[in-house]
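Chemist: predicted structure and sequence below. I'll ask about it afterward.
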Amino acid sequence: MSRYVLPKTFLFVPATRPDRFAKAWASGADEVVLDWEDTVAPADKAAARQHTAAYGSAAGSRAVWVRVNAAGSPYHADDAAALAGQAYVKGVVLAKAERAADIAALHRQTGKPVIAAVETAAGMAAVADLARAPGVFALTYGCLDLAGSLGVRFGSRAAQAVFDRLRGDLLLHSRICGLHPPLETTLPEFKDEAAMAENMAYWRDFGFGGVLCIHPNQVAAARAVCQPSEAERAFATEVLAEAQRSGQAVFQVGGQMVDLPVIEWAKRVAAV
């Protein structure tokens, strides 16, 4: 009973598609991430930076996150330089993070918090170090890139086992280091409502603090699944009422024992 405050939704938009920036915010996403990495062809990297800067200088623009290319790529230095000191950039997503030193350098160069994306075997092995890096805000992972790096078949039970192991590591080290709870990877399906709901409920119950989305449908699905259920709200209301009435630290509601952790959970539910 620990999962409220509501998880955050991060919606990706190719930075080469400025016509979609306003639509991304209209989806209700908590955060918008303008992508300079996988959705942008090499020839369009400079244009992606230019479109982002133009958006940031426009009246009424909202602060965004930006996903930059991996530290070892030929585009990373220009990405970091373009973001340095820019007020319209809330934070940076580092693709294919493998070394704590790269996170620290990106944070130092840009002055922004960093979401480190684990997408390679080397990154998966370095989770504990990544979580301790100066400037890191949260950890996440990329399911497709990671499956390719490890040689597992995406969508198989084997891949799920690998991802679950990583989810556990991300959660553990995020908690140890006081980070924002980890963010779930993007889900390729955005039209299958049942698949989206199942996936959203799974990472929610894993204790994750948000999800990376590639389509507005996924934003809506996450919001629907991550709201407290009517049963949870009703139980929380009863718990708080009995706590106030009795003044006791331990009591029962509906045949269930209630103590301080449950009371604190009820307060979080009531605040949503």
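Modeler: Arrived safely, thanks for sending.

Chemist: quick one, phi psi at the closest residue to Lys90 other than its chain neighbours?
Modeler: The shortest distance from Lys90 to any non-neighbouring residue, by Cβ to Cβ, 6 or more residues apart in numbering, is to Ala63 (4.2 Å). Yep, even glycine has a C-beta here, placed from its N, CA and C like the rest. The phi and psi values for Ala63, taken as degrees, to the nearest 10, are phi -70, psi 140.

Chemist: for Ala63, give its distance to Val118.
Modeler: 25 Å (Cβ to Cβ, to the nearest Å).

Chemist: between those two, who's got more neighbours?
Modeler: Val118 (27 against 13; other Cβ atoms under 10 Å).

Chemist: mind listing the residues bridging to the more buried one?
Modeler: Tyr141 (DSSP bridges).

Chemist: how about the contacts made by it?
Modeler: 97, 124, 127, 130, 139-142, 146, 166, 170 (Cβ atoms under 8 Å, 6 or more residues apart in numbering).

Chemist: which SS class is the residue nearest to Pro18 when sequence neighbours are not counted?
Modeler: Nearest residue to Pro18 in three dimensions, chain neighbours excluded: His51, at 4.8 Å (Cβ to Cβ, 6+ apart). Following DSSP: H, G, I helix; E, B strand; the rest coil, we place His51 in the helix state.

Chemist: now do the contacts for His51.
Modeler: Counting by Cβ under 8 Å, 6+ apart, His51 touches 15-16, 18, 34.

Chemist: swap the cut-off to 10 Å and go again
Modeler: By Cβ atoms under 10 Å, 6 or more residues apart in numbering, the contact set of His51 is 14-19, 21, 34, 36, 40, 44.

Chemist: show me the domain layout of the chain.
Modeler: The chain resolves into domains spanning 8-226, 230-271 when parsed by automatic domain parsing.

Chemist: show me what the longest helix seen in the chain is packed against.
Modeler: Ranked by residue count and defined by DSSP state H, the top helix of the chain is helix 157-177. Packing partners of helix 157-177 (3 or more Cβ pairs under 10 Å, 6 or more residues apart in numbering; DSSP states H and E): strand 114-118, helix 121-125, helix 127-131, strand 136-141, helix 143-150, strand 183-184, helix 193-205.

Chemist: again, 6 Å this time
Modeler: For helix 157-177, the packing partners by 3 or more Cβ pairs under 6 Å, 6 or more residues apart in numbering; DSSP states H and E come out as helix 127-131, strand 136-141.

Chemist: so for the longest one, mean pLDDT?
Modeler: Strand 136-141 shows an average pLDDT of 98 in the prediction.

Chemist: just the strands from the stretch 1-150 of the chain, written as ranges.
Modeler: 8-14, 31-35, 64-68, 89-94, 114-118, 136-141 (DSSP state E, counting those that start in this stretch).

Chemist: middle-most residue in the chain, spatially?
Modeler: Nearest residue to the geometric centre of the chain (Cα atoms, centre = their mean): Leu183, 3.0 Å.

Chemist: residue contacts, it?
Modeler: 138, 140, 210, 212 (Cβ atoms under 6 Å, 6 or more residues apart in numbering).

Chemist: now with 10 Å?
Modeler: 7-10, 31, 93, 115, 117, 137-141, 170, 174, 203, 208-212.
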